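In: Please work out how this folds:
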Amino acid sequence: MAKNKYSSTVLLPKTDFPMRAGLTQKEPKMLEFWQKMDLYKAILKKNEAGKHFVLHDGPPYANGKIHIGHALDKTIKDIILKSRALMGYYTPYIPGWDCHGLPIEQALMKELQIDKKHITDVPAFRKKAREFAAKFIDLQRQGFKRLGVQAEWDNPYLTMDKRYEGITIGVFLDLIEKGYVYKGQKTITWCSHCETALADAETEYHDVSSSSIYLRFKLVNPSEEVFGALDFSKPVSLGVWTTTPWTIPSNMAAAVNKEEDYAVLQDNKTGEYYVVADKLAEEFLQNTQLDAKKVTAVRGENLVGLKYYHPLTQKQNPVIWTDFVTMDAGVGVVHIAPGHGEDDFRAGKQWGLETFCPVDEKGCYTKDAGVFEGMHVFKANALMVKKLDELGALIKEQEIVHSYPHCWRCHNPIIFRATEQWFMSIDKDGLREKLMQNLDNVKFYPAGGDERMRSMIGLRPDWCLSRQRFWGSPVTILYCKECGKAQINHELFNFIKERAMNEGSDFWFTDPVEKLVPQGYSCSCGCKDFRKETDILDVWLDSGVSWAAVVKDRGLSFPADVYSEGSDQHRGWFQSSYIPSFTLEGTAPFKTILTHGMVLAQDGRQMHKSLGNSVDPEDVINKYGADILRLWVAFSDYQGDVRISEEILGGPIDTYRKLRNTIRYALGNLSDFEPAKHAVVPAEMAEMDRYMLGRLDKLIAEVRAAYGDFNFRRAMRAITDFCILDLSSFLLDASKDRLYTLGASSSARRSAQTALAEIVRTLLQLTAPVLCFTCEEAWQELLKIPAGAGLPASIFLSDMPQHASLTADNALEEKWNKIRQIREDVQKALEETRQKGIIGSSLEAKVVFKTNDAKTKAFLQENASLWSEIFIVSCVEITDGSMPLEVAVEHAEGQKCARCWQWKKEVGAEGRAHSDLCDRCVEVLQREGLSVAEEVSVA
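Out: Coordinates of the predicted model:
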């Protein structure tokens, strides 16, 4: 075929920025580029005089490679920080890891093929645990870096670092000195599999099938004074219902609601009586299938003080009342075991009941449980029911499915068990109420987080701070061997704090007791002989003191501007940070709490390897690149649960291609543009270009505001709409003719390039927080051409503009919005004409406007010089018609210009220079002094 001899005279786009992204190959090289320039520190230096913005990183657990939830979390944080840094904020970001705790301990024991009782050399075990955690920290750090996250990777915070452990111990001891931490017996959640106490935040709920039983609690001396005229030769029993038969040995009372009426039901066969809540009597009869009728009723308060026989021991226990006996389930009579329930424990304290708990740390009955000794409580249920039946206490057994708490580490069902632990009081000096009131000073995104956290604080029990494990910060308390008293002493605490700050916590496990006290120290009883506490601190306190060990200790502004984690941390890290901070500092450690949801499979189910529906971020990155994952995050409504799958990723992939190609085309049209020489002053710019800069100004305002509200979805939608609708489909399309054919020196072309240079530079800056790799790649291409003169070495060392060089002109915008509406009508007519085969390319078309409206006609004529360029057609005619506006399309007259491809009447006329060109193209060749190559044949 023949090569067009005018090709060299047309200024087609030219760029080294490729259409194919190749992110999987380019992104690692970009990471090397950033590392070589130490980009993180360079950003801080650039903004060192700016306003400080501290996003404090919640520490992920160091026990495996990163998962898709990690990718969501870290990308959200990175977008926030990159956007703030580009806006000029000083944004130190110190990543951290939660290093202590049960998962590492269990994984290590599995690797060593031992269990808890075989750990005799605690310091040696702790050394191995430290090495185990360090291995996963390095693995996760590489995963986070690969996502493009900029941070102080060389100096993160680790909860197992010596100084961090020292500060953790210091906070714990300070809380004791202030009177907020105490040692006492309480009924707490206990994992018999992990053999440790659990915090409220360490439980999760799953449905289980359990044996539920209805029992007789036979009253000792039912009287006519309480029940009226009954046949007291027949037994009178309280009807009791429970889903935990294994707790019956610990029964100490039966509770009623004193404000409710209780029905007395008589069995029509045996004559015995049952006392149950009147509102639940019918349900009781249905479930037990008893043939009984109501014979009288008694007020709940009149039952209080009666005695009944314990169904196993025949010990006489009292009937009490509590405020937690409700009428929504059961029988209105609750079996109270203070050793196995939080509400029961409180009731026991109120009524002076014994806290009896014949269950050991493995969940097995002790000798105090008699015939059940040595059995695990869950396995004993069947035997318990059998025994109760043999003793005549069982009315009915049935299986039910109900929600039951499980350990969130090992996922086994837990028990409630009364033990001695270290607790933080949530009610001392009105702390609970103060905590809830102070939340008014915290911003929540989404807003519902406020009420969620407030209600959780309102309902939470005292915080159990001690754990019966080895890998963690120790509970640094000594007990007098003579009087048993815990040593709460300012001088002693300061001595321990100083050692912990300098040495970490291992000294507690290696040194003899004599080295743990100041010289000459003695108990108030005079004894100088002490024993160590062997428990460790709850890891939630470890991570919860990071405001002190990181934000304050490293000199960052306190409180931090933002804490951002998954919404499950309302009951976890947010609370474990808030409570000690407010208690010791009088303020929350955060000004804002931002939460994201969980990542689910496409069908909305949770991800599990066993279901084959999990998505590994490493797989996504290796297939598509980290920028695709980052764009998925940005387009997600992440403040709720988000979904991911190959199909869902198709949307971000398609959007990415459109954005990339728009940037590529824009860069291609700037290859010969030197701002210092070619930039056109605003007053002399083409109207279309001024209009587009006004649109850009509005985009800047919208995107900056969206980033400010952590609304990346709104930011990216605005950017995408601008790129596709304003830039690609309008400005770049409508400007092709002047960019390609008017010649390098054309003021119209230089006007387009002036606008385009600012637009592409600004678009990259607006998009960089999300598409960090791609925008840096494009920035580097910009630096290679004259249009990038004077720009910094990295896009992240530039400043996102607050405004475009021209602000929006309302009159101009109104005019051009009208022009664009007309353009849409024309494009529709062009397509219809193309479908009929009348034209092929739009340049073959002549557009005819017909109107009977004077204003419309005037508007069309005023802008007559614009229409051909904007519609990309050869000719436009304006004439009278019978409608306000009718658009007709016909084939243009004349012949096709060999250079600009417009159809003109003068093309082909004899006696003209370059007779195959239109007059305009001839003028361009002469003005620009362009030589024409000979037409050659190309295979």
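In: how near is residue 895 to residue 816?
Out: Distance of residue 895 to residue 816, computed by Cβ to Cβ, to the nearest Å: 33 Å. No exception for glycine: its C-beta is placed from N, CA and C like everyone else's.
In: Between the two, point out the one with more neighbours.
Out: The residue with more neighbours, out of residue 895 and residue 816, is residue 816; 23 against 16, by other Cβ atoms under 10 Å.
In: For that one, give me its contacts.
Out: Residues in contact with residue 816, defined by Cβ atoms under 8 Å, 6 or more residues apart in numbering, are 687, 688, 691.
In: which of those residues lies closest to residue 254?
Out: The nearest member of the contacts of residue 816 to residue 254, counting by Cβ to Cβ, is residue 691 at 80.7 Å.
In: Quick check: phi and psi on residue 187?
Out: phi -90, psi 120 (degrees, to the nearest 10).
In: Doesn't residue 280 belong to a helix?
Out: Yes - Residue 280 sits within a helix when classified using DSSP: H, G, I helix; E, B strand; the rest coil.
In: That one: how many residues sit nearby?
Out: Burial of residue 280 is recorded as 23 neighbouring residues (other Cβ under 10 Å).
In: same check, this time on residue 9
Out: 20.
In: Which residue comes closest to it once chain neighbours are left out?
Out: Of all residues not flanking residue 9 in the chain, residue 930 sits nearest, at 4.5 Å (Cβ to Cβ, 6 or more residues apart in numbering).
In: That neighbour and residue 396: what is the separation?
Out: 101 Å.
In: before we move on, what about residue 141?
Out: 58 Å.
In: repeat for residue 312
Out: Distance from residue 312 to residue 396, by Cβ to Cβ: 18 Å.
In: Going along the chain, name the helices of the stretch 301-450 of the chain.
Out: 342-351, 381-390, 431-438, 449-459 (DSSP state H, counting those that start in this stretch).
In: related to what we said a few turns ago, most surrounded residue in the contacts of residue 816?
Out: Result: residue 691 is most packed of the contacts of residue 816 (other Cβ under 10 Å), 25 neighbours.
In: Who has more neighbours out of residue 312 and residue 396?
Out: When residue 312 and residue 396 are compared for neighbours, residue 312 comes out ahead with 18 against 14, by other Cβ under 10 Å.
In: thinking that one is in contact with residue 248, fair?
Out: Yes - using Cβ atoms under 8 Å, residue 312 is in contact with residue 248, at 6.3 Å.
In: what residues do those two have in common as contacts?
Out: Counting by Cβ under 8 Å, 6+ apart, the residues touching both residue 312 and residue 248 are residue 388.
In: just checking, residue 579 touches residue 428?
Out: No - Residue 579 is beyond contact range of residue 428, at 11.5 Å (criterion: Cβ under 8 Å).
In: between these two, which one's more packed in?
Out: Relative neighbour count places residue 579 above the other of residue 579 and residue 428, with 24 against 15, counting by other Cβ under 10 Å.
In: Cross-check the more buried one against the secondary structure; I expect a helix.
Out: Yes - assessed by three-state DSSP, residue 579 belongs to a helix.
In: No further questions, thank you.
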